[in-house]
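Chemist: everything below, folded, please.
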Amino acid sequence: MQGLQVQLRSASPIRLEAEFDCGAGELVALVGPSGSGKTSMLRAIAGLWTPADVQGHIRVAGQAWLDTASGVQLTPQQRRAGLVFQHYALFPHMTAQANVALAAGPGWSSADVQTLLARLGLATLSQRRPSQLSGGQQQRVALARALVRVMPRPTADATPTPHALPGVLLLDEPFSAVDAPTRQTLYRELAALRQKVSVPMLLVTHDLAEARRLADRVVIVDAGQTLQTGEPARVFASPRNARVAELVGIQNHFEGRFYKDHADWGRLRWTDAAASGTGLDLAVFDKNKIDDGTPVTWVLNGEQVDVMADGEESGVASPGHTRLRCQLLEVLSLGEISLCTLRPEALPSQTITLNLTSRLLRRLQVVSGNWVQLQIVPEALHIMPVRTK
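Modeler: Numbering: from 1, shown residues only. From the prediction side, this is the model:
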């Protein structure tokens, strides 16, 4: 594989069960709560942290940086890993150019470093120290310092070093300490960079919106363990289990029971914990992965729910669509988006949370206390078997 492959196991000092990959030119985001082990994984790849009992391997373009089975363990200096720290970690007594030049590999000249700084909009700031730079400018210097570890010289006459180890770009929450305009600028620079440098890029972030915006794939991390990997839209809409659903911030997470119906269809009984025997049936696809009568947890993807005025016709009815009459309990305006809480008429102990645009609410002419109709398609429902210990 022309990219990064990671498979690591360790029991101390923290638990580590990491298994993921990142292709050349791909950006993969490690997403999880604080203390979940995301930064430790980056440090392990860079060679800055290696537990004594670690087992597994780290390979880049097929070359082993770490392979405990064969005794291979490259030093941090031998690994072409460009690491951008969350708080930059620039040397305060050195200029921007000196900070970058310190990390440059063999063959990089002062002119090469200056050319790279110019590409990142720092040509006139190269002789300033970190204290003389804004947060966004410091972040660009940190990015330039990481890039000189993983990319060929930027000058036209540059010739790659024969048999040079491939590189990896590691980004540890690089946008968390800058303001919104600077963050948008850095997003654009990262997107442009990906068109020029075909190296694996790992981004650590706790910002789900950022991961969705930037990453080709996400890896959900919790307590040192990688729980699920996939495209952001798929992972956020179809979590593997209840813990992943919690970590990706899914608001509408419920309990129920799955029943087989006929052909490719099943029936999800949304149960009411407050009233035994009470429930509401929703049509779902039967993928033949869950047995009849299995207790499940399930999530509702609000982005796939249509909201209509009470009594409004939805046009041509499609197979499996469920109409659900709900009372609008609360509307909290957040600019163009309103956070709305709804209570199903047929299951009054439950609530659904939806983010609705102010434009939609004005069109429906509804306020708190009014009734609306939800149309739920089977694709909006994702069910997961309940884990039994």
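Chemist: residues near Asn99, how many?
Modeler: 24 (other Cβ atoms under 10 Å). For glycine as for every other residue, the C-beta is placed from the backbone atoms N, C-alpha and C.
Chemist: tell me which helix or strand it sits in.
Modeler: Asn99 belongs to helix 96-103 when elements are defined using DSSP states H and E.
Chemist: which residues in this structure form helices?
Modeler: Taking DSSP state H to define them, one finds helices in the chain at 38-46, 96-103, 110-119, 135-150, 180-196, 208-214, 232-237, 242-247, 358-364.
Chemist: next, the buried residues of the least confident helix or strand in the chain by mean pLDDT.
Modeler: Among the helices and strands of the chain, helix 180-196 carries the lowest confidence by mean pLDDT, DSSP states H and E, at a mean of 80. Using 16 or more other Cβ atoms under 10 Å as the test for burial, helix 180-196 gives 182-183, 185-186, 189-190, 193-194.
Chemist: in the helix holding Asn99, what counts as buried?
Modeler: 96-101, 103.
Chemist: redo those as TSV? Include pLDDT.
Modeler: Formatted as TSV, the buried residues of helix 96-103 follow (pLDDT from 0 to 100):
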residue	pLDDT
Ala96	94
Gln97	93
Ala98	93
Asn99	93
Val100	93
Ala101	92
Ala103	87
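Chemist: lowest average pLDDT across the helices of the chain?
Modeler: Lowest mean pLDDT within those: helix 180-196, a mean of 80.
Chemist: any idea how far that helix is from the middle of the chain?
Modeler: On the basis of Cα atoms, centre = their mean, to the nearest Å, helix 180-196 is displaced by 17 Å from the centre of the chain it belongs to.
Chemist: how long is stretch 44-52 end to end?
Modeler: Taking Cα to Cα, to the nearest Å, the first and last residues of stretch 44-52 lie 12 Å apart.
Chemist: give me the contacts around it.
Modeler: Residues outside stretch 44-52 that contact it (Cβ atoms under 8 Å, 6 or more residues apart in numbering) are 4, 6, 8, 10, 12-14, 16, 18, 40, 43, 54, 58, 65-66, 73-76, 78-79, 81, 83, 168, 170, 202.
Chemist: do the same with stretch 174-186
Modeler: Residues contacting stretch 174-186 (Cβ under 8 Å, 6+ apart): 84, 86-88, 134-136, 139-140, 142-143, 187, 203, 205, 207, 210.
Chemist: circling back to that earlier point, quick one, which of the helices of the chain gets closest to Glu312.
Modeler: Closest approach to Glu312 among the helices of the chain is made by helix 358-364 (8.3 Å; Cβ to Cβ).
Chemist: what does that closest one contact?
Modeler: With Cβ under 8 Å, 6+ apart, helix 358-364 has contacts from 307-309, 331, 333, 335-338, 340, 367, 372.
Chemist: how about stretch 96-113?
Modeler: Contacts of stretch 96-113 (Cβ under 8 Å, 6+ apart): 80, 82, 90-91, 94, 114, 116-117, 122, 125-130, 133, 137, 141, 144-146, 148-149, 153-155, 158, 161.
Chemist: again, only this time at 7 Å
Modeler: With contacts defined as Cβ atoms under 7 Å, 6 or more residues apart in numbering, stretch 96-113 is touched by 90-91, 114, 116-117, 122, 125-128, 133, 141, 144-145, 148-149, 153-155, 161.
Chemist: of the contacts of helix 358-364, keep whichever come out buried.
Modeler: Judged by 16+ other Cβ under 10 Å, buried ones among the contacts of helix 358-364: 307, 331, 338, 340, 372.
Chemist: so which of those residues are in strands?
Modeler: If you go by DSSP state E, these have 307, 331, 338, 340, 372 in strands.
Chemist: off-centre distance for stretch 53-69?
Modeler: 24 Å.
Chemist: which residues does Val305 contact?
Modeler: Counted by Cβ under 7 Å, 6+ apart, Val305 has contacts 354, 374, 376, 380.
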